[in-house]
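Chemist: predicted model, plus sequence, below.
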Amino acid sequence: MKKDIVHIYSGTQGLGGLYLDEIYNTLLDFGFKQEIFVSHYFPFDYGKKIFFKRSDLASGAKKGKFRYYVRALELVFGLLKALIYIIFNRPKVINLSVNSAFFIDVYFIKAIKKFTSSKLIITCHDVIPFGESEEQVQNQIRIRKKIFGLADYLLVHNKNSIEDLKKNFQIVDSKIIVHPFPLMNIAKIVQDSEDSKSKIYDFSFIGHLRKNKGIDILLEAWQMMHEKYPNADLLLAGNLPEDSKLNLNSLQENNINLQIKYLTDEEYYYYVKNSKNVVLPYRSGTNSGVVYNLVEMPVNIIYSDLPMFTNNPLLDVRGKFKTNNPTSLFKVMEQFYINKTEFKNPNIDNYKKSFDNSLFEVYSKIINQ
């Protein structure tokens, strides 16, 4: 059966898979015929699982250069499989997600443009890429300029992403399409139980401990918290990049619980569930899916005043602090701690309706052109 849409998302292991699952099933409800190419660790029992069976951290693979080359080979062979399918089946629309961009993506897109007449959407999660060095960032930008120039449409989820596309990549309005980020309930992919209850943390950061996420800002703010409220505790849980310069020595003396490792979906869920307040001290970013993992759980969200957060209708303004300002973060954390602030339930139903309607409009317009 000929497909309306083919989605190609290599980064769909674990929580990332919830994003595509929501999009796929919403479009399915509207009657669109689809196929998806995903990671081997996509947490659902449908789709063609062709990416990263042996090199994803979810497989227990160790870090290092050998893993990098295996991962590159798996990406190449996965894209070849997707390309063969596309050439023979000729879908109306191809939706390719770009996280970290590689030149193989450029060649893959050129092949699509040469051998098919499908409309190509590039989904841009973070328009401005992350990197531990300026050289890494600039290299990613160079590749993305080539990719973005080949696309028929660039899909983003918020206003600041539109502004970044125009400012940094000179993308015209007619190439930009927008729909909201889907809500992603992690309870769909984990087994919940009463046994998951354990120590309740006052504050936590849960996720990859990358430089751009402002862990150093959190640690400076925490020093102030610990001096004034020595009984308060903080959980730091997640994977630490190999090239990270973050110094975690002696942190446990400040009532900080360290769980420095790759987190399974179950561990992520249990740590969030057992936290009163999750802190998002990001230094930079265009878009983040983390909010959409958290809003349906009974946890407060404390966040830096980057546009990707302040423009989010699901966040409580009481949780906002000034980006890169440890004192501002300390003051917000202090208020949440002493006032025992309770979770404010956002208007999730209205947001979900807006997402559904916008998603339908975006794909209907492109398919019917």
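Modeler: Received, thanks.
Chemist: for the protein, which segments are assigned as helices?
Modeler: 15-29, 65-89, 103-115, 134-150, 159-169, 215-228, 265-273, 290-294, 307-310, 326-339, 348-367 (DSSP state H).
Chemist: endpoints of stretch 287-301, how far apart?
Modeler: 16 Å (CA to CA, to the nearest Å).
Chemist: swap in stretch 84-95?
Modeler: Per CA to CA, the first residue of stretch 84-95 is 16 Å away from its last.
Chemist: averaged over its residues, which helix or strand of the protein has the lowest pLDDT?
Modeler: helix 134-150 (a mean of 88; mean pLDDT, DSSP states H and E).
Chemist: could you check the angle that one makes with helix 103-115?
Modeler: 10 degrees (axes from the mean of the first three to the mean of the last three CA atoms, to 10 degrees).
Chemist: which of the residues in helix 134-150 are buried?
Modeler: For helix 134-150, the neighbour count (16 or more other CB atoms under 10 Å) marks 137, 140-141, 143-144, 147-148, 150 as buried. Glycine gets a C-beta too; all of them are placed from N, C-alpha and C.
Chemist: identify the residues contacting it?
Modeler: 98, 100-103, 105-106, 109-110, 113, 120, 122, 124, 128-131, 154, 165, 168-169, 171 (CB atoms under 8 Å, 6 or more residues apart in numbering).
Chemist: repeat the analysis, applying 6 Å as the threshold.
Modeler: Here helix 134-150 makes contact (CB atoms under 6 Å, 6 or more residues apart in numbering) with 101, 105-106, 109, 129, 131, 154, 169.
Chemist: burial measure for Leu315, as a count.
Modeler: 20 (other CB atoms under 10 Å).
Chemist: please save the CA atoms from the least confident helix or strand of the chain in PDB.
Modeler: Taking C-alpha atoms only, helix 134-150 is exported to PDB below (Å, rounded to 0.1, in the frame of the first residue of the first chain):
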ATOM      1  CA  GLU A 134      32.900  26.400  19.100                       C
ATOM      2  CA  GLU A 135      34.600  24.300  16.400                       C
ATOM      3  CA  GLN A 136      32.000  21.500  16.900                       C
ATOM      4  CA  VAL A 137      29.100  24.000  16.700                       C
ATOM      5  CA  GLN A 138      30.400  25.700  13.500                       C
ATOM      6  CA  ASN A 139      31.000  22.300  11.800                       C
ATOM      7  CA  GLN A 140      27.400  21.300  12.600                       C
ATOM      8  CA  ILE A 141      26.100  24.700  11.300                       C
ATOM      9  CA  ARG A 142      28.000  24.200   8.000                       C
ATOM     10  CA  ILE A 143      26.400  20.800   7.500                       C
ATOM     11  CA  ARG A 144      22.900  22.000   8.500                       C
ATOM     12  CA  LYS A 145      23.100  24.800   6.000                       C
ATOM     13  CA  LYS A 146      23.500  22.200   3.200                       C
ATOM     14  CA  ILE A 147      20.700  20.100   4.600                       C
ATOM     15  CA  PHE A 148      18.300  23.000   5.100                       C
ATOM     16  CA  GLY A 149      18.900  24.300   1.600                       C
ATOM     17  CA  LEU A 150      17.900  20.900   0.100                       C
END
